[in-house]
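Visitor: what shape does this take:
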Amino acid sequence: MPELPEVETVRMQLRRKVIGKIIESVEVFHAKSVNHDVAIEDVLRGKTIADIDRVGKLMIFSFVDEKDTFLLAHMKMTGQFFYVDENDVTGGGHSFTNADMDLPMKHTRAGFHFTDHTSLYFNDMRLFGYVKLANAKEVEVAKSRFGPEPIHPEFDVDWFYSKLKKRKTPIKAALLDQSFIAGLGNIYVDEALWRAKVRPTRRADKVTKKEAAALAAASGDVMNESIKVGGTTFQHFKDTNGSKGNFTQYLKVFGKQGTKCERCGGTIKKIRCAGRGTHFCPRCQK
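Guide: As a prediction, this is how the structure comes out:
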């Protein structure tokens, strides 16, 4: 599943391609992907894309002079966006082959056609993702389900520490809770915990204030660094230029089980924590 840095990479690249585009028509290939909304084409026809915002892994399309019409997009596990113009097809999301670019194809769920004869297609093999209409109130409700993101410079460390003191779950479970802290997925939680020298199994309420500050900084740093190089790719994710994320080479613990910790020389271990495969160094993560 794409994590926040991967979704942010797609969002930034789509912004450069579709902002200012006027929607001429909408094709729905699978009703589930548009929330079974039969009015989506009538609502969006003639609308001009103003911007693409994001909270967590949810992208929010807004439209010029429209204060109560938005399009929410979530790629979930297998979603893809393909932008098509007269010269090329570019895509981002779950991995894809040349056959996927013959659009529309069997996994295409919706198509947005612009007046300049370019198009944006949404593909989703497993039908977990969506592109659905929402009004302003629904957008606020969607945003309210997410906690603050540690990539923001105004992230409140004191608030973060005070909330941790009320949680008795392992610190990894707390960090994976999107309603508490948005954007951290399995890979980046492991990496942030390693940077902060905190063991994933530590109870959240036992983390010290100094450790909480280090963890908040590490969480923001690891995601911002990943965004700069296009995210982390193992099997599935590619950005809208068809490139794989390049952060894999910078990982310190994730997928490194059995190898030496570059900080202390200990052996990286893999366990199960918070229902996820978890990587850490038993020697230097306390």
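Visitor: please count neighbours and contacts with C-alpha atoms only from this point.
Guide: OK.
Visitor: who does the residue lying closest to residue 81 once chain neighbours are set aside form a beta bridge with?
Guide: Of all residues not flanking residue 81 in the chain, residue 122 sits nearest, at 4.8 Å (CA to CA, 6 or more residues apart in numbering). With beta bridges defined as DSSP bridges, residue 122 has these partners: residue 81, residue 110.
Visitor: did I read that right, residue 70 in a strand?
Guide: Yes - according to DSSP: H, G, I helix; E, B strand; the rest coil, residue 70 belongs to a strand.
Visitor: so what's it bridging to?
Guide: According to DSSP bridges, the partner residues bridging residue 70 are residue 62, residue 134.
Visitor: what's the burial count for it?
Guide: The tally of other residues near residue 70 (other CA atoms under 10 Å) stands at 21.
Visitor: in this structure it contacts residue 61, no?
Guide: Yes - contact status for residue 70 versus residue 61: in contact at 5.6 Å, counting by CA atoms under 8 Å.
Visitor: quick one, what contacts residue 207?
Guide: For residue 207, the contact set (CA atoms under 8 Å, 6 or more residues apart in numbering) comprises 164, 165.
Visitor: let's go with 10 Å and repeat that
Guide: Residues counted as contacts of residue 207 (CA atoms under 10 Å, 6 or more residues apart in numbering) are 161, 164, 165, 171, 198, 199, 213, 215, 286.
Visitor: how much space separates the residue nearest to the fourth one when sequence neighbours are not counted from residue 170?
Guide: Nearest-residue entry for residue 171: residue 204, 4.3 Å, with adjacent residues in sequence omitted and distances by CA to CA, 6+ apart. When CA to CA, to the nearest Å is the yardstick, residue 204 and residue 170 sit 6 Å from each other.
Visitor: which of these two has more neighbours?
Guide: Between residue 204 and residue 170, counted using other CA under 10 Å, residue 204 has the larger neighbour count: 23 against 18.
Visitor: next up, the contacts around that one.
Guide: Taking CA under 10 Å, 6+ apart as the definition of contact, the neighbours of residue 204 are 161, 163-175, 212.
Visitor: ok, now residue 264?
Guide: Under the criterion of CA under 10 Å, 6+ apart, the neighbours of residue 264 are 281, 283, 284, 285.
Visitor: so the first one touches residue 268, yeah?
Guide: Going back to what we said before, that points to residue 281. Yes - when contacts are counted by CA atoms under 10 Å, residue 281 is listed as touching residue 268 (4.7 Å).
Visitor: got any residues that touch both of these two?
Guide: Overlap between the contact sets of residue 281 and residue 268, as judged by CA under 10 Å, 6+ apart, is given by 252, 253, 256, 257, 259, 260, 261, 262.
Visitor: quick check, pLDDT for the second one.
Guide: Among the per-residue scores, residue 253 shows a pLDDT of 97.
Visitor: the helices in the protein, which residues?
Guide: According to DSSP state H, the chain carries its helices in the segments 4-18, 40-44, 136-144, 157-164, 171-176, 186-196, 209-228.
Visitor: closest to residue 110 out of those?
Guide: helix 40-44 (10.4 Å; CA to CA).
Visitor: pull the CA atoms of the closest one into PDB?
Guide: What follows is helix 40-44 as a C-alpha-only set of coordinates in PDB (Å, rounded to 0.1, in the frame of the first residue of the first chain):
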ATOM      1  CA  ILE A  40     -21.000  12.500 -10.800                       C
ATOM      2  CA  GLU A  41     -20.700  13.400 -14.500                       C
ATOM      3  CA  ASP A  42     -23.400  16.000 -14.300                       C
ATOM      4  CA  VAL A  43     -21.900  17.600 -11.200                       C
ATOM      5  CA  LEU A  44     -18.300  17.700 -12.600                       C
END
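Visitor: mind starting the numbering at 359 from now?
Guide: Noted, 359 is the first residue going forward, which turns the last one into helix 398-402.
Visitor: helices or strands up against it?
Guide: strand 381-386, strand 424-432, strand 488-492 (3 or more CA pairs under 10 Å, 6 or more residues apart in numbering; DSSP states H and E).
Visitor: quick one: work out the angle between the longest one and strand 488-492.
Guide: Which is strand 424-432. For strand 424-432 and strand 488-492, the angle between their directions (axes from the mean of the first three to the mean of the last three CA atoms, to 10 degrees) works out to 160 degrees.
Visitor: residues making contact with strand 424-432?
Guide: Counting contacts by CA under 10 Å, 6+ apart, the residues outside strand 424-432 that touch it are 365, 391-392, 398, 401-402, 405-408, 410-412, 414-421, 437-439, 480, 486-497, 500.
Visitor: no more questions from me, cheers.
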